[in-house]
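Trainee: no sequence on this one, just coordinates:
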């Protein structure tokens, strides 16, 4: 294992499109959503530690999830948790983590991995990761793993690459956020578009230079924080820093602007567990196409629905088609399968009308 | 208040068409289903005690509900609970209770009232009740209060009466159990059909004679039980008696056979809270026609549905029309409004497949 390899697991999201399974208090990355025996966060850690020394895997998350993270990953020491005072999207998280890692090892070669994705073919993933790390070690570039699309999904971002050459690493031409269906279909057919999986590989030195170039104000703000400060000072300073930041994603802030972005086309059974529909799609189904999560679920005249309870209770559903039913201690959601993008609206309405208690 | 007046509240049902609000452990009559602050059982008691001395109101229920009954009606002494070892329908309950009451007071004049009905106009009810008690005191007859139908409901039994004479008390011609819709419509239009509300008024002596005549075997079986026995002996004997009984309703067993049945046509806002649909119909609704029972319920694109949670949780429903959603700690039911008659099937399937735990 290479001592310059570092990992950053992004685990700060609240997963509001996954409500009520995911709540602000207990977001989806901390759940064993697929019933594998390991939470999404743990599965991400399990994958990375095959390539990266455990003590060099960092988790970026909200300060309030620090304890939860340490409980789920007892292999970590507290200094491996990079606690954000609030969620400001992925650019600040990446800058903060890369800076701290750079101070530990200026030659650090970093893998950035979201914690709420599913990867069915771990071996395939690790093969691509090793290739990417080798490339980023030799070149001053930003690498992303791009997933070969299997359907015209309108919920993902797409990466177009230049098809010249036969090497595995392709220069990126454009990023396109969630396209319309027609465009997504065209992307799928063209063969030079990939899904943006948010998995990045770069040396700390390289990404920091890119921040300095494309997000100079943000870069400057972070000069007030370093890994040598005592805990209290760092917490105080990072709070100050975050209060002044622009909320922006690494994709918008860096990837779309940089000339040095490359992609490795990949296929390793990747799914962004972004919505409850994606959970339905990944789940085993009965012959009526119902995915039943819970021990005591009975369906009648129902099909193509996700029926999920986290409670030890009986669930009887009669006459639903293409529906999502999710029941937790805190909330019950019933909505059409294709309405799942509206769940964010439900959650914000709920917060407004009923307070934070249920979200 | 007349010292010969006695009451029998029938409270032994498990209300399986009301599942999961009603469960075998905690049937609907013990719930404050309408949110009035009093359970259905308590409301029934409250009504009867206006006419009948409290210490002469008996509750017939399953032995397992004895404690629950005493907790809800602390006015009662344990000897006012007539505990059945198992549910054998209403003929045995009535015989058992009438016999014990007769032994206390051979001149007893009894009101039999189900505990799971709603009566909106208590004054109207009491007026009819007093009239009936006066009649039953003077005549050796069986009296039932029949409700003037307001719609062709196919879930109720109907009583046809002879229209001769101008007196309030009418001789009964026929009983018809749950008719088809066409028949029910004809019944409604004819003006001489009433809903069978299961509210009976008769002297103990009179109903016992009717049992002796129409159900002689059952009458004979009950000779092994009397009110003078010590508790233990009575429990032992009643168990033996019940193990040999025929399961039959008072309607089939006595009312349909007897020549001495009279009815008082009544209108006092009566509803049999038999099904969840009837609960929906009785409930306040928002402008989309949704009846929401629970503090934190939000509906989108939904109408004419009953959304009920007994839990302190948020419920978000999108895109349901004419549905029933009932959520309790033990179970969640989602089914079409007009499928509510199938709930018994769901419950028996559940019992078969998942055990007693949830029913």
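Mentor: Perfect, I can see it now. Please read all numbers here as calculations on a predicted model, not as lab measurements.
Trainee: list the contacts for the closest residue to chain B within the stretch 51-200 of chain A?
Mentor: Going by C-beta to the nearest C-beta, chain B is nearest to residue A:155 of the stretch 51-200 of chain A, at 18.3 Å. In short, each C-beta sits where N, CA and C put it, glycine included. Residue A:155 sits next to A:178, A:272, A:274-275, A:278, A:341 when contact means C-beta atoms under 8 Å, 6 or more residues apart in numbering or on different chains.
Trainee: For chain B, what is the nearest residue in the stretch 1-150 of chain A?
Mentor: As assessed by C-beta to the nearest C-beta, chain B sits closest to residue A:20 within the stretch 1-150 of chain A, at 7.4 Å.
Trainee: before we move on, which element is that residue in?
Mentor: Using DSSP states H and E, residue A:20 falls within no helix or strand.
Trainee: For it, what are phi and psi?
Mentor: phi -90, psi 10 (degrees, to the nearest 10).
Trainee: residues near the residue nearest to it when sequence neighbours are not counted, how many?
Mentor: Excluding the flanking residues, the one nearest residue A:20 by C-beta to C-beta, 6 or more residues apart in numbering or on different chains is residue A:331, at 3.7 Å. Applying other C-beta atoms under 10 Å in any protein chain shown, we find 26 residues neighbouring residue A:331.
Trainee: how far out from the middle of the chain is stretch A:309-326?
Mentor: 28 Å (C-alpha atoms, centre = their mean, to the nearest Å).
Trainee: May I see the buried residues of that stretch?
Mentor: A:309, A:311, A:313-320, A:322-326 (16 or more other C-beta atoms under 10 Å in any protein chain shown).
Trainee: cool, and stretch A:349-359?
Mentor: For stretch A:349-359, burial by neighbour count (16+ other C-beta under 10 Å) applies to A:350, A:354, A:358-359.
Trainee: So which of those residues belong to helices?
Mentor: Among those, the ones falling in helices (DSSP state H) are A:350, A:354.
Trainee: farthest pair in the buried residues of stretch A:349-359?
Mentor: A:354 and A:359 (8.4 Å; C-beta to C-beta).
Trainee: contacts for the lengthiest helix in chain A?
Mentor: The longest helix of chain A (DSSP H) is helix A:122-138. Helix A:122-138 has contacts (C-beta under 8 Å, 6+ apart) with A:2, A:4-5, A:47, A:50-51, A:109, A:111, A:119, A:141, A:143, A:145, A:168-169, A:201-203, A:206, A:262, A:264, A:266-270.
Trainee: What backbone torsions are found at the residue nearest to residue A:20?
Mentor: Torsion angles, degrees, to the nearest 10, at residue A:331: phi -160, psi 160.
Trainee: wouldn't it be in contact with residue A:18 here?
Mentor: No - if you go by C-beta atoms under 8 Å, residue A:331 and residue A:18 don't touch, sitting 12.0 Å apart.
Trainee: gap between stretch A:272-288 and the chain center?
Mentor: Chain-centre distance of stretch A:272-288: 18 Å, with C-alpha atoms, centre = their mean.
Trainee: how long is it end to end?
Mentor: For stretch A:272-288, the first-to-last residue distance is 25 Å (C-alpha to C-alpha, to the nearest Å).
Trainee: can that stretch be found next to chain B?
Mentor: No - using C-beta under 8 Å from any C-beta of the partner chain, stretch A:272-288 never reaches chain B; the gap is at least 12.2 Å.
Trainee: List the buried residues of that stretch.
Mentor: Buried residues in stretch A:272-288, counted by 16+ other C-beta under 10 Å: A:272-280, A:283.
Trainee: Report the contact partners of residue A:34.
Mentor: Contacts for residue A:34 (C-beta under 8 Å, 6+ apart) come out as A:40, A:118, A:282-283.
Trainee: Show me the two of the residues you listed that sit farthest apart.
Mentor: Pairwise distances across the contacts of residue A:34 peak at 14.5 Å for A:40 and A:283 (criterion: C-beta to C-beta).
Trainee: And the closest residue to residue A:214 other than its chain neighbours, how close does it get to residue A:176?
Mentor: Once flanking residues are discounted, residue A:214 sits nearest to residue A:257: 4.7 Å by C-beta to C-beta, 6+ apart. For residue A:257, the distance to residue A:176 equals 15 Å [C-beta to C-beta, to the nearest Å].
Trainee: Tell me, how many residues neighbour the residue of the stretch 1-150 of chain A closest to chain B?
Mentor: Using other C-beta under 10 Å, the number of residues around residue A:20 comes to 27.
Trainee: pretty sure it is touching residue A:325, no?
Mentor: No - the criterion here is C-beta under 8 Å, and residue A:20 misses it with residue A:325 at 10.9 Å.
Trainee: Past the longest helix of chain A, which element shows up next along the chain?
Mentor: strand A:142-147.
Trainee: Write out the residues of chain A neighbouring chain B.
Mentor: So far as C-beta under 8 Å from any C-beta goes, chain A lies against chain B at A:20, A:296, A:298, A:300, A:309, A:311, A:313-320, A:323, A:325, A:327-336, A:339, A:342, A:346, A:349-350, A:353-354, A:357-359.
Trainee: rewinding a little: are any of the contacts of helix A:122-138 buried, and which?
Mentor: Listed as buried from the contacts of helix A:122-138 are A:4-5, A:47, A:51, A:109, A:111, A:119, A:141, A:143, A:145, A:169, A:201-203, A:206, A:262, A:264, A:266, A:268, A:270; burial here means 16+ other C-beta under 10 Å.
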